[in-house]
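Visitor: got a predicted structure plus its sequence, pasted below:
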Amino acid sequence: MTRLGYINSAEEDFREQLDALLSANEQLCADLTATVGAILEDVRARGDAAVLDYTRRFDGREVTTAAELELDPGELEEAAGGVPSELRAALEDAAARIRAYHQHQVQESWSYEDGDGIRLGQQVTPLDRVGVYVPGGKAAYPSTVLMNVVPARVAGVQNIVMVVPAPGGEVNSAVLAAAYVAGVDRVFTIGGAQAVGALAFGTETVPAMDKIVGPGNKYVAAAKRLVFGIVGIDMVAGPSEVVVVSDGSGDPDWTAMDLFAQAEHDQDARAILVATSDEIIKAVSDSIEKLLPDMERADIIRAALENNGALISAGPGRGSRGSEYNRSGTPGTGGGRSRRPAARHPPRRGHLPGSLGGGGHGRLLRGAQPRPAHGTHRALLLGPGGI
């Protein structure tokens, strides 16, 4: 049984429950920042030696020189030739589509002379060196390679360095094939905050970058936040968060899979379902229990849902009469504690809409914007019911 927290918008302390849910990880920020900061300073001071130490410690690899962390270009070509032909074709097709799209975004230099004979204009100059972080500890993301490397090439970046963690010395062949298809110049098998530090400061082996792009876990996200200003970054992306809003018009199996799509990334990912009734929550919860055992990353999905997931009902509260779910998400009867009439203490505006079908989704969407304190990115899925 997967235990997700349950909140009803009609409960008098809904605001407090919601704030507690959304701030659950904030208490970890100070410790996380201190830990990551120490790693970054160590990499800045000791270079390759520090990177090797952290690679041995976190990835369980027996490496003695930094040269062992860099892949030979021939290994990328070998990986591209070794993956199934269907996958190779899919990677090449995706790269072509990404390239075609971003070619429309290319900016050009321009200038003109005004009436006083002063020349004004804009000079567009590509960055020289860009580092791409590709997650690789718990899953393979060849799409991350393509979506970061191909646009950089289109923009005119000459030197692209990719870093990817290799626990136990293993790197997914699809990721390496994507690196070959996209045209990565150098690949280093390092990950975590130490990889971000190496790209930001440079080491004896890893060159310093002008910009670092790509998602990662909370340590990578914190590291990118800390090195911003020393080096450019795209954004602080991760851990993933998603809010799925359902009015019951969609298939509950698909709703469950939308939650899984983010929860599978990391145990720290957050997936929240907002539904217009407890009946919808019950249907989606049943789908979660039915589908989860067959998911390839079931353990990670379950951990993410139980650690950070939530079921939020925007329908009438039933806590005093026996809700389908109690505070910890356990199905049952009478699980929620008795409450005074919710009308005496209505939820504050701006958190959950009074009518999801009547424009209230706009408030939810605004509430799903990134928060700098976390640096996470969120998505609101819009379904066929107009939400």
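Guide: Looks like it arrived, so ask away.

Visitor: looking at strand pairing, list the partners for residue 271.
Guide: residue 242 (DSSP bridges).

Visitor: neighbours around it, how many?
Guide: Look at residue 271: counted by other CB atoms under 10 Å, it has 26 neighbours. Yep, even glycine has a C-beta here, placed from its N, CA and C like the rest.

Visitor: if I look at it, how far off is residue 286?
Guide: For residue 271, the distance to residue 286 equals 16 Å [CB to CB, to the nearest Å].

Visitor: same deal with residue 169?
Guide: According to CB to CB, residue 169 and residue 286 sit 42 Å apart.

Visitor: measure the residue of the chain most remote from its centre to residue 109 for me?
Guide: Distance from the centre of the chain peaks at residue 116, with 50.7 Å (CA atoms, centre = their mean). Going from residue 116 to residue 109 by CB to CB gives 21 Å.

Visitor: show me the helices in the chain, by range?
Guide: With DSSP state H as the criterion, the chain has helices at 14-22, 29-46, 48-59, 73-82, 85-103, 142-155, 173-182, 192-201, 218-227, 252-263, 278-291, 298-308, 361-367.

Visitor: possible to save those as TSV with mean pLDDT?
Guide: As requested, these are exported to TSV (pLDDT from 0 to 100):
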stretch	mean pLDDT
helix 14-22	84
helix 29-46	94
helix 48-59	97
helix 73-82	96
helix 85-103	98
helix 142-155	97
helix 173-182	97
helix 192-201	98
helix 218-227	94
helix 252-263	94
helix 278-291	95
helix 298-308	92
helix 361-367	44
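
Visitor: buried deepest among those helices, which one?
Guide: helix 192-201 (a mean of 28; mean count of other CB atoms under 10 Å).

Visitor: against which helices or strands is that helix packed?
Guide: helix 29-46, helix 48-59, strand 129-133, strand 159-163, strand 211-213, helix 218-227 (3 or more CB pairs under 8 Å, 6 or more residues apart in numbering; DSSP states H and E).

Visitor: pull up the pairing partners for the fifth one, direction included.
Guide: Strand pairing for strand 211-213, determined by DSSP bridges: strand 129-133 (parallel), strand 232-233 (parallel).

Visitor: make JSON lines from those and add mean neighbour count and distance to residue 150 to it.
Guide: Formatted as JSON lines, the strands paired with strand 211-213 follow (neighbours: other CB atoms under 10 Å; distance: least, CB to CB, whole Å):
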{"stretch": "strand 129-133", "mean neighbour count": "26", "distance to residue 150": "11"}
{"stretch": "strand 232-233", "mean neighbour count": "19", "distance to residue 150": "19"}
